[in-house]
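Chemist: Got a predicted structure plus its sequence, pasted below:
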Amino acid sequence: MEINISQNVAILVDGNNIERSIHTLYKSDQIMINFDSLVPSLLQDRSLSRFIYFREGKRISSKLADRLQEKFHGSVQPCHKSADIPLTIKATQLASKVDTIIICSGDSDFVELVSHLKNEGVRVEICAVEQTLAGILKDEADYYHPISKDDCFNFPKSSRATAKVTESRMAKKTVKKTSKKITKKS
């Protein structure tokens, strides 16, 4: 007998936390999460109700926002400061509308939220990088999904940005050579 699991899932991403975690772990700020492969593995044949990527600051990639909208009807939510409060508010708003909430963050600030959601009857899963995951958050969650290097990809700097860096380095070398020549003449 086959059992059909019908659950609605909301995925809420603390973008700054996840980005810092993978950048620290892999020692590169060019590493990005590959949501195209991560989201299906998180859902495990369940249906996606909401996908919201919370990110502090105004510099949010329009390519990321467009990609999340195209693939998952997701959105990017800019936050004034930390994503903690907006993510918490959205999670409590969604609690009566979904069966499971997956929080992509390893931040221990979400422990009380996880506890509250579970008391409301919502299954809560955490998705984070093991090395930066708060143990108390992992223990409070119903399930933990580790983010590994297989869930990431290297997003190289644009050739224009690389050219600017090269130009900047060449200009610094020129300034150093010129200042050495001036010093020798004095």
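Modeler: Perfect, I can see it now.
Chemist: give me every residue that touches the most centrally placed residue in the chain.
Modeler: For the chain, the residue sitting closest to the mean C-alpha position, by C-alpha atoms, centre = their mean, is residue 15 at 3.3 Å. Applying C-beta atoms under 8 Å, 6 or more residues apart in numbering, we find residue 15 in contact with 53-56, 76, 83. Where you see a C-beta, it was placed from the backbone N, CA and C, and this is true even at glycine.
Chemist: so which of those comes closest to residue 93?
Modeler: residue 54 (13.4 Å; C-beta to C-beta).
Chemist: if I read this right, the closest one contacts residue 87, doesn't it?
Modeler: Yes. Shown here, residue 54 and residue 87 form a contact pair, counting by C-beta atoms under 8 Å, at 4.9 Å.
Chemist: Looking at these two now, which is surrounded by more residues?
Modeler: Counted by other C-beta atoms under 10 Å, residue 54 and residue 87 do not tie: residue 87 has more neighbours, with 28 against 25.
Chemist: now the nearest residue to residue 94 once chain neighbours are set aside, which residues is it bridged with?
Modeler: Using C-beta to C-beta, 6 or more residues apart in numbering and skipping the chain neighbours, the partner closest in space to residue 94 is residue 10 (4.9 Å). In this entry, residue 10 is beta-bridged to residue 50, residue 101, by DSSP bridges.
Chemist: Tell me, how many residues neighbour residue 10?
Modeler: Look at residue 10: counted by other C-beta under 10 Å, it has 22 neighbours.
Chemist: Distance of it relative to residue 78?
Modeler: 19 Å (C-beta to C-beta, to the nearest Å).
Chemist: now for the helix or strand hosting residue 115, which elements pack on it?
Modeler: Using DSSP states H and E, residue 115 maps to helix 111-119. Contacts defined by 3 or more C-beta pairs under 8 Å, 6 or more residues apart in numbering; DSSP states H and E place helix 111-119 against helix 84-94, strand 100-104, strand 123-128, helix 135-140.
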